[in-house]
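J.: need a 3D model of the sequence below.
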Amino acid sequence: GVPVSDADLGSTFETSELIGEVMTESSKEIPPVVNEIWNEIIVNIMTKKCTAPLSAVKGVAATYRMTNRPPPTQPSPFVNTVLRPLKEFNDSFSNRIPRNMGILWKKRIVDTVSERYSTAVSELMETVQRTEEALKNRKARRAMAGGMSDGEKVRLQLYLDQRAYTLSVVETGIAPDAVEGVQNLISLTEGAQELLHEKTQS
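T.: Here you go, the predicted structure:
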């Protein structure tokens, strides 16, 4: 495939133009060139657009580190923007996407994005774990801000984010059960579910 540079990505409008050129009005069989362009260019563009907001995952820890903020109650704002380009594209071009394309191209995008998301969360959780272990005076930390440590707040935030992201995967028409990255996210964050109950009871 041809590598897609940042300059090639362009705006959503230019992406739309590209697809307009790629698509034939209604062909029963997809010409090989359309299939190749779709799977290389379109999937690359969408993957790049969807993975861009994941740089915000690292910021979750900074939000709660030594800030004395109350525990989170909502997902992080970036979460709903992750798969938005794919959803908008799908909505705009649903009547132009050849039926034969199926959903495999969408699953490729969701697979890659979810894998990168779960890797970012895993790395962040390891960092938070090390930080918490370095803080000897954990009981004093817990006494602050509603009895929840900074690390617990981060874990709770990551759990809320995972739930919102899993829902957004469903909205793209892909089953979360079939996406390894989503399953990894769930197993990484589900331990914080008890913190949610603890917070609502306090």
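J.: where does Ser202 land on pLDDT?
T.: If you check Ser202, the pLDDT there is 52.
J.: give the contact list for the residue nearest in space to the middle of the chain.
T.: The centre of the chain sits closest to Val82, judged by C-alpha atoms, centre = their mean, with a distance of 4.8 Å. Residues in contact with Val82 (C-beta atoms under 8 Å, 6 or more residues apart in numbering) are Cys50, Thr51, Pro53, Leu54, Val113, Tyr117, Tyr165, Ser168. C-beta coordinates here come from the backbone N, C-alpha and C atoms, glycine included.
J.: can I get those in a markdown table with pLDDT, secondary structure and distance to Trp105?
T.: Output for the contacts of Val82, formatted as a markdown table (pLDDT from 0 to 100; DSSP: H, G, I helix; E, B strand; the rest coil; distance: C-beta to C-beta, whole Å):
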| residue | pLDDT | secondary structure | distance to Trp105 |
| --- | --- | --- | --- |
| Cys50 | 98 | helix | 13 |
| Thr51 | 98 | helix | 16 |
| Pro53 | 98 | helix | 21 |
| Leu54 | 98 | helix | 20 |
| Val113 | 98 | helix | 13 |
| Tyr117 | 98 | helix | 19 |
| Tyr165 | 98 | helix | 20 |
| Ser168 | 98 | helix | 18 |
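J.: among those residues, which two are most distant?
T.: Longest distance between any two of the contacts of Val82 is 13.9 Å, between Thr51 and Ser168; criterion C-beta to C-beta.
J.: grab the nearest non-local neighbour of Thr67.
T.: In space, not counting the residues next to it along the chain, Thr67 is nearest to Asp150; the distance is 7.8 Å by C-beta to C-beta, 6 or more residues apart in numbering.
J.: contacting residues for the closest residue to Leu83 other than its chain neighbours?
T.: With sequence-adjacent residues excluded and distances taken as C-beta to C-beta, 6+ apart, Leu83 is closest to Ser168, at 4.7 Å. Residues near Ser168 by C-beta under 8 Å, 6+ apart: Val79, Asn80, Val82, Leu83, Lys87.
J.: just the ones in helices from these, please.
T.: Those of the contacts of Ser168 mapping onto helices are Val79, Asn80, Val82, Lys87, per DSSP state H.
J.: contacting residues around the second one?
T.: I take that to be Asn80. With C-beta under 8 Å, 6+ apart, Asn80 has these contacts: Ala164, Ser168.
J.: from Arg65, how far off is it?
T.: Going from Asn80 to Arg65 by C-beta to C-beta, to the nearest Å gives 24 Å.
J.: any low-confidence regions in this protein?
T.: Residue ranges of the chain with pLDDT under 70: 1-31, 136-146, 199-202.
J.: helices along that one, start to end?
T.: So, for the chain - with DSSP H - the helices run 6-9, 12-22, 32-37, 43-51, 59-64, 79-82, 84-93, 104-134, 138-143, 150-171, 180-189, 193-201.
J.: got JSON lines for those helices, with distance to Pro72 too?
T.: Formatted as JSON lines, those follow (distance: least, C-beta to C-beta, whole Å):
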{"stretch": "helix 6-9", "distance to Pro72": "32"}
{"stretch": "helix 12-22", "distance to Pro72": "31"}
{"stretch": "helix 32-37", "distance to Pro72": "42"}
{"stretch": "helix 43-51", "distance to Pro72": "23"}
{"stretch": "helix 59-64", "distance to Pro72": "8"}
{"stretch": "helix 79-82", "distance to Pro72": "12"}
{"stretch": "helix 84-93", "distance to Pro72": "21"}
{"stretch": "helix 104-134", "distance to Pro72": "14"}
{"stretch": "helix 138-143", "distance to Pro72": "17"}
{"stretch": "helix 150-171", "distance to Pro72": "4"}
{"stretch": "helix 180-189", "distance to Pro72": "12"}
{"stretch": "helix 193-201", "distance to Pro72": "9"}
